[in-house]
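[1] Dropping a prediction and its sequence here:
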Amino acid sequence: MKLCVARAWCLLASLATIALHSTFAESRDTHNRLELVHAHNTRIAIDNSIQLSLHSTLLESGHSHQWFELSWRGVAHPSYADWVALIVPAGADVSKTAPAKYQTAAMDPRHILHGEGKLKFRLINYRAPMQFAFFRGGLMHPVLAALSPVIEIQNPNEPLQRHLALTGDNTQMSVQWVTKNSSKPVVKWGTAPGQYTRMTPARLTETYTRSELCGPPATTVGFVEPGMFHSALLEGLTPGHRYYYVVGDEDWGFSPEASFHAAPPVGPETSVKILAIADMGQGELDGSMEQAEMHMSLQTTAGLLKDMRKDSYQLLIHNGDISYARGYVTQWDNFMHQIEPIASHIPYMTTPGNHERDWPNSGDRFEAAYDSGGECGIPFELRMRMPLPGRDEPWYSFNYGPIHFIQYSTEHAFHRGSEQHSWLLEDLATVDRSLTPWLIVGGHRPIYISSTNTMSGDGDQPVAAALREAFEAAFVEYKVDITLHGHHHSYQRTCPVFRGFCLGFNSQGTPYAPIHLVIGNAGFRIDPPGTNPLHIYQSIKLWWGYLRIQATGTELKTQMISDSDGSVMDSLTLRKPKEWGTQYMAARKTAAAVVQLQEVLVEV
């Protein structure tokens, strides 16, 4: 939360927020501040004495964002319940379309004193003209009183929201971006800045419509045209080499140049540096949305960006609860804008969380969870194309240097006999540990968690127990090293644990069982742990941050980094002898031969 610099300002902000919500009587579990706006209750009562003006009415192309100053005057009987909002698209029916963002008018003290004021908004390209609206009456019963001039978009087809993804083949890279309706999207790329010797057309261009989604607000006030999602596959890359690229088309222009390194060679001789987060969400630099519960996501993003640029981190893992858009298209735009400086330079690999996927009768594991705001996974899957086996099958694996990653969905069926369970066990059984001595499994809801949420169905503890029943024995058998999960908004690290008992390490520093990390502290409000954490939890931190992973063939280090000052809140080091992978594969081969022999003897 933004720190108040004076007591008067703190009081003003508090009064404004209280007044804005004074008529909000419902008890709701809100994660996105737009959920507080009851657009369907909006009444239109234009007051011609209220004048709104802008210092500019053009959002220029070629900028990641642009600041606009909105001024107003002529407000009679000004109130703390007055507020101003950005409407996308301009001219939308405000009783059927939620704003993209809002601020309380009283954040400028002159509003209450004189009925006038100024506020600054940071705007991004939503691919459609925009305008501001002045509302009275708070958020539950808004009254539209005035509209600003329209802000035009210089290039509605500007290529935006670039991000990269691995495919499982380290000679490939998936490049993804969005436009309004570009018909000839391509990637131009090469091995030197500004010298694009190759051009690759998008192999997929798709979007989604209101009717394809599952429920409100995604199908109602949260929907605006999401644009076209493009994905191009760059092939023939040399592992570890650097490439430069732009995206766009000849008619509408191209993005600024970005660069990436192809995935490194797979094997124990390669060293890698990786970042990992969960439950991040988004924040507003201009103070909109009352700073919301996710403002610390800006700190996390800044830390990730600094590590990528300064210390050459190569990959970002995000295990669920990505944007917390929860049915509001503009909030996906905001999040993708926030993550683009990172995800356009290093691969960004994701798994779905409950706030991307869950909706009743839509195919997820939970029958009565409304957490996606009606999105039911569709925007997430189209915006972030991972190397999945099929639609709505969000599980996959890939090798990255000396690590084999398995990414799976805790939001889909994972019980024994389910499609996902069978896939995951087969993947575990086929990992070549002589190439990737380290094995990391990632999903959203944790397998072990210190939490008081024992609610049946989707509570933390019942789901954790179900995950242990499904996977814990296999994770020990196939010697998974660590798991990375989120959902609970904290950082937690267990000992090497199996069935609730700490098994410890051997003399070389190799764990006898997986170590489970909860890394759900990337941005959303912090959750308290259980009242009496069990002995298996060796570290619990109730502060925001992100995880660093550094690995060679013989050592894997993790560090949980504090958002406040970049300090190390917790660290872990695992070690294996150089020959571990070869010995493991030989032991597996011998064990398989023994089983086969036993089967033959039984038949005889």
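    Structure received.
[2] Give me the residue at the spatial middle of this structure.
    Centroid-nearest residue in the chain: residue 322, 2.2 Å away (criterion: Cα atoms, centre = their mean).
[3] Surely it and residue 280 touch.
    Yes: judged on Cβ atoms under 8 Å, residue 322 makes contact with residue 280 at a distance of 7.2 Å. No exception for glycine: its C-beta is placed from N, CA and C like everyone else's.
[4] List the contacts of stretch 428-437.
    With contact meaning Cβ atoms under 8 Å, 6 or more residues apart in numbering, stretch 428-437 is reached by 266-268, 399, 401-404, 406, 439, 474-475, 477-480, 553-554, 576, 580-582, 584-585.
[5] Helices - which of those residues land there?
    The helices, defined by DSSP state H, take in 474, 475, 477, 580, 581, 582, 584, 585 from the contacts of stretch 428-437.
[6] Correct me if wrong: the fifth one contacts residue 268.
    This points to residue 581. Yes: counting by Cβ under 8 Å, residue 581 touches residue 268, with 6.3 Å between them.
[7] how about stretch 127-139 as CSV, C-alpha atoms only?
    Output of stretch 127-139 as CSV, limited to C-alpha atoms (Å, rounded to 0.1, in the frame of the first residue of the first chain):
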residue,chain,number,x,y,z
ARG,A,127,-7.2,-1.0,-28.8
ALA,A,128,-10.2,1.3,-28.6
PRO,A,129,-11.0,5.0,-28.0
MET,A,130,-11.4,5.8,-24.3
GLN,A,131,-12.9,8.6,-22.2
PHE,A,132,-13.3,9.5,-18.5
ALA,A,133,-16.5,9.7,-16.6
PHE,A,134,-17.4,11.6,-13.4
PHE,A,135,-19.7,9.6,-11.1
ARG,A,136,-21.5,10.5,-7.9
GLY,A,137,-23.1,8.4,-5.3
GLY,A,138,-20.4,5.9,-4.6
LEU,A,139,-19.7,2.5,-6.2
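[8] list the residues that contact both of residue 581 and residue 268?
    434, 435, 436, 437, 553.
[9] I'd like the distance between the closest residue to the first one other than its chain neighbours and residue 400.
    Spelled out, it's residue 434. Distances taken as Cβ to Cβ, 6 or more residues apart in numbering place residue 581 nearest to residue 434, at 4.1 Å, with adjacent residues excluded. For residue 581, the distance to residue 400 equals 15 Å [Cβ to Cβ, to the nearest Å].
[10] how near is residue 72 to residue 95?
    Counting by Cβ to Cβ - residue 72 and residue 95 are separated by 22 Å.
[11] Looking at the two, which one has more neighbours?
    Neighbour tally, residue 72 and residue 95, criterion other Cβ atoms under 10 Å: the higher count belongs to residue 72, 25 against 15.
[12] Tell me what that one is bridged to.
    Beta-bridge partners for residue 72, by DSSP bridges, are residue 52, residue 117.
[13] per-residue pLDDT, it?
    Predicted confidence (pLDDT) for residue 72: 98.
[14] again with residue 18
    51.
[15] can you check the one 3 residues further on too?
    The score at residue 21 is 60. That number is its pLDDT.
[16] Surely residue 483 is within a strand?
    Yes: according to DSSP: H, G, I helix; E, B strand; the rest coil, residue 483 belongs to a strand.
[17] For the closest residue to residue 568 other than its chain neighbours, grab phi and psi.
    The shortest distance from residue 568 to any residue other than its chain neighbours is 4.9 Å, reached at residue 559 (Cβ to Cβ, 6+ apart). Phi and psi for residue 559, reported as degrees, to the nearest 10, are phi -140, psi 130.
[18] number of nearby residues for residue 559?
    17.
[19] what about the stretch 501-604 of the chain, any weak spots by pLDDT?
    Of all residues in the stretch 501-604 of the chain, those with pLDDT under 70 make up the ranges 597, 604.
[20] Now do the strands in it.
    Under the criterion DSSP state E, counting those that start in this stretch, the stretch 501-604 of the chain contains strands at 501-502, 515-519, 537-541, 545-551, 555-562, 568-575.
[21] Identify, out of those, the most deeply packed stretch.
    Counting by mean count of other Cβ atoms under 10 Å, strand 515-519 has the highest mean neighbour count of these, with a mean of 27.
[22] in its sheet, what does it sit against?
    As assigned by DSSP bridges, strand 515-519 forms pairs with strand 482-485 (parallel), strand 491-494 (antiparallel).
[23] List the buried residues of the helix or strand containing residue 121.
    Counting by DSSP states H and E, the element that carries residue 121 is strand 117-123. Using 16 or more other Cβ atoms under 10 Å as the test for burial, strand 117-123 gives 117, 119, 121, 122, 123.
[24] From residue 357, how far out is the closest residue to residue 409 other than its chain neighbours?
    Once flanking residues are discounted, residue 409 sits nearest to residue 394: 4.5 Å by Cβ to Cβ, 6+ apart. Distance of residue 394 to residue 357, computed by Cβ to Cβ: 8 Å.
[25] what is in contact with these two at once?
    Common neighbours of residue 394 and residue 357 (Cβ under 8 Å, 6+ apart) are 377, 409, 411, 412.
[26] can you count the residues close to the second one?
    It stands for residue 409. There are 26 residues near residue 409, going by other Cβ under 10 Å.
[27] Could you grab the helix/strand/coil label for it?
    Going by three-state DSSP: residue 409 is coil.
[28] what about it, distance to residue 518?
    17 Å.
[29] remind me which residues of this protein are low pLDDT?
    Ranges of the chain meeting pLDDT under 70: 1-29, 291-292, 597, 604.
[30] so where do the helices sit in it?
    Under DSSP H, the chain gives helices at 7-20, 110-114, 297-311, 329-343, 354-357, 378-383, 419-430, 460-467, 473-477, 580-603.
[31] For my notes, please list those in TSV and give distance to residue 178 and mean neighbour count for each entry.
    Converted to TSV, the helices of the chain look like this (distance: least, Cβ to Cβ, whole Å; neighbours: other Cβ atoms under 10 Å):
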stretch	distance to residue 178	mean neighbour count
helix 7-20	32	15
helix 110-114	36	16
helix 297-311	19	18
helix 329-343	7	23
helix 354-357	17	28
helix 378-383	8	23
helix 419-430	29	16
helix 460-467	33	19
helix 473-477	37	16
helix 580-603	41	12
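[32] could those go into a markdown table alongside distance to residue 58?
    Shown next, in a markdown table, are the helices of the chain (distance: least, Cβ to Cβ, whole Å):
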| stretch | distance to residue 58 |
| --- | --- |
| helix 7-20 | 30 |
| helix 110-114 | 26 |
| helix 297-311 | 27 |
| helix 329-343 | 19 |
| helix 354-357 | 34 |
| helix 378-383 | 27 |
| helix 419-430 | 49 |
| helix 460-467 | 49 |
| helix 473-477 | 55 |
| helix 580-603 | 59 |
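[33] Which among the ones you listed is found nearest to residue 522?
    Between residue 522 and the helices of the chain, the shortest gap by Cβ to Cβ is with helix 297-311, which sits at 4.8 Å.
[34] Now do the closest one: distance to the chain's middle.
    15 Å (Cα atoms, centre = their mean, to the nearest Å).
[35] Return the angle between stretch directions for it and helix 329-343.
    Interaxial angle of helix 297-311 relative to helix 329-343 (axes from the mean of the first three to the mean of the last three Cα atoms, to 10 degrees): 20 degrees.
[36] Can you pull the phi/psi pair for the residue nearest to the centre of the chain?
    phi -80, psi -70.
[37] follow-up on the earlier one: got the strands paired with strand 515-519 as JSON lines, with distance to residue 166 and mean neighbour count columns?
    Shown next, in JSON lines, are the strands paired with strand 515-519 (distance: least, Cβ to Cβ, whole Å; neighbours: other Cβ under 10 Å):
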{"stretch": "strand 482-485", "distance to residue 166": "16", "mean neighbour count": "25"}
{"stretch": "strand 491-494", "distance to residue 166": "26", "mean neighbour count": "25"}
